[in-house]
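Q: Kindly return the folded structure for what I paste below:
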Amino acid sequence: MDLFNVYKRWDIEPVKGSGSTLWDKDGQEYLDLYGGHAVISVGHCHPKYVAAITEQIGKLGFYSNAVQNGLQDTLAAKLGRISGYDAYHLFLCNSGAEANENALKLASFHTGRSKVLAFGGAFHGRTAGAVSVTDNPKIRAPFNATPNVAFVPLGDLAAAEKELSTNAYAAVIIEGIQGVAGIQLPSDSFLRDLRALCDRTGTLLVLDEIQSGCGRTGRFFAHQYAGVEADLVTMAKGLAGGIPIGAVLISPAIQASYGLLGTTFGGNHIACAAAIAVLDIIEQEHLLSHAAKLGAYFEAELKGDPALVDYRGRGLMIGLEIKPAFKGLRDRLLYEKHIFTGASGENVIRLLPALNLPEAGARQFVEAWKALTR
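A: I've put the predicted structure just below:
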């Protein structure tokens, strides 16, 4: 048996990591500014992270949600305090797609409505419900097509108002920053107006912070720059630093009942121990302010760069839209300068490094960028 060939992979196999450094099986060293797609939030093999997981797996690796799990309570309290959503409830699952599935289900149960409004360029996951609100026909199979989902352009308040005026929508789902679409930011004013529109129409606002959350932008959630509060917030990616986890932060106005949601592996002991360690490191090492500081450095060095069409992002969620003449720059950064980066299509390079990326690593990237584009 061989693997189902659905991934486009580099011919590189990392076998060791420390902080923002990777080594492949041949001993070549790399600077990691991709973070396994925004997952490695506190660096590879952080000693406190490794110790927390090792200690927990030596005690108990797993038991189901049929029993009490004090780690879940600890995680909920810590996440609520750090995120500013202390009054909310927490549901734990296994991935970002699963978090969005459960958020949309809750919105439909709570409102009694069936429709969801999403935005052009959206990416919310690949499971049935999540992909139905994802604006990509290449991954939305005929099975996933549904009249219960409508898309409007990101930032088009009039189009959103026209749809929501029917009072048929359970939820609006929007990313704090669109990642897969190439780091597209909804404006702060648009998020505030959308919040008000949802309030007027009895529609729940779901903020997908799966990639943009957990401190990546310099605030715990990207939408907090706009000063809005969501009814439901979804998380995954960097929350447990590589151990699969998903989370839904749920407004106290939404009532729970036994059997409403469920999961076998969600909130297991190892995932909770990992997430608690990540949050501890973020707080103890002041990584939100560090992410904001490095983001300001990257913007000062690269915004207006002659190789760029546009610089987009906040904190350490950065999109570098390159001019056509620099097509292939991502591969050159990897193979010539040994720097991992992300991408959106062929023209946007994404930087999604660990929040504790050293300043020297940021300078290394800027120097490599200028060496390859001048």
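
Q: Could you pull out the strands in the stretch 251-374 of the chain for me?
A: Applying DSSP state E, counting those that start in this stretch to the stretch 251-374 of the chain gives strands spanning 308-314, 317-322, 339-340, 342-344, 348-351.

Q: wait, the stretch 51-200 of the chain
A: With DSSP E, counting those that start in this stretch as the definition, the stretch 51-200 of the chain shows strands at residue ranges 89-93, 115-119, 149-152, 169-175.

Q: Quick check: which of the ones you listed is buried the most?
A: For the strands of the stretch 51-200 of the chain, the stretch with the most neighbours on average is strand 169-175, a mean of 26; neighbours defined as mean count of other Cβ atoms under 10 Å. The C-beta positions use only the backbone N, C-alpha and C, and glycine is treated the same way.

Q: would you list every one of the helices in this protein?
A: Applying DSSP state H to the chain gives helices spanning 35-38, 47-57, 70-83, 96-111, 128-132, 157-164, 188-201, 269-284, 287-302, 329-335, 359-373.

Q: Relative to V15, how far out is K25?
A: Computed with Cβ to Cβ, to the nearest Å, the distance linking K25 and V15 is 5 Å.

Q: Now tell me what touches stretch 35-46 from outside.
A: By Cβ atoms under 8 Å, 6 or more residues apart in numbering, the list of residues contacting stretch 35-46 from outside reads 17-22, 32, 49, 179, 211, 214-216, 237-239, 241-242, 277-278, 281-282, 285, 287, 317, 342, 352-357.

Q: rerun that using 7 Å as the cut-off
A: Among residues not part of stretch 35-46, those counted as contacts by Cβ atoms under 7 Å, 6 or more residues apart in numbering are 17-20, 22, 49, 211, 214, 216, 237-238, 241-242, 278, 281-282, 342, 352-356.

Q: and if you look at stretch 229-238?
A: Surrounding stretch 229-238, the residues in contact under the criterion Cβ under 7 Å, 6+ apart are 38-39, 41, 85, 95-96, 99-100, 103, 106-107, 204-211, 213-214, 216, 221, 223, 245-251.

Q: Buried by neighbour count: which residues of that stretch qualify?
A: Using 16 or more other Cβ atoms under 10 Å as the burial criterion, the residues of stretch 229-238 that qualify are 229-238.

Q: per-residue pLDDT, the nearest residue to A307 once chain neighbours are set aside?
A: By the measure of Cβ to Cβ, 6 or more residues apart in numbering, the closest residue to A307 outside its immediate chain neighbours is T373, 3.9 Å from it. Confidence at T373, expressed as pLDDT, is 97.

Q: for L22, same thing?
A: At L22, the predicted lDDT confidence score is 98.

Q: Surely it touches P14?
A: Yes: judged on Cβ atoms under 7 Å, L22 makes contact with P14 at a distance of 4.5 Å.

Q: partner residues bridging L308?
A: Per DSSP bridges, the residues bridged to L308 are I322.

Q: can you count the residues close to it?
A: Close neighbours of L308, defined as other Cβ atoms under 10 Å, add up to 19.

Q: wait, L372 sits on G328?
A: No: counting by Cβ under 7 Å, L372 stays clear of G328, with 10.0 Å between them.

Q: who's more crowded, the two?
A: Between L372 and G328, counting by other Cβ under 10 Å, L372 is the more crowded of the two (16 against 11).

Q: how many neighbours does the closest residue to that one other than its chain neighbours have?
A: Once flanking residues are discounted, L372 sits nearest to R332: 5.4 Å by Cβ to Cβ, 6+ apart. Residue crowding around R332 was assessed by other Cβ under 10 Å; the count is 15.

Q: Roughly how far does R332 sit from G36?
A: In this structure, R332 lies at 21 Å from G36, with Cβ to Cβ as the measure.

Q: Equivalent analysis for L204, please.
A: As judged by Cβ to Cβ, L204 and G36 stand 31 Å apart.
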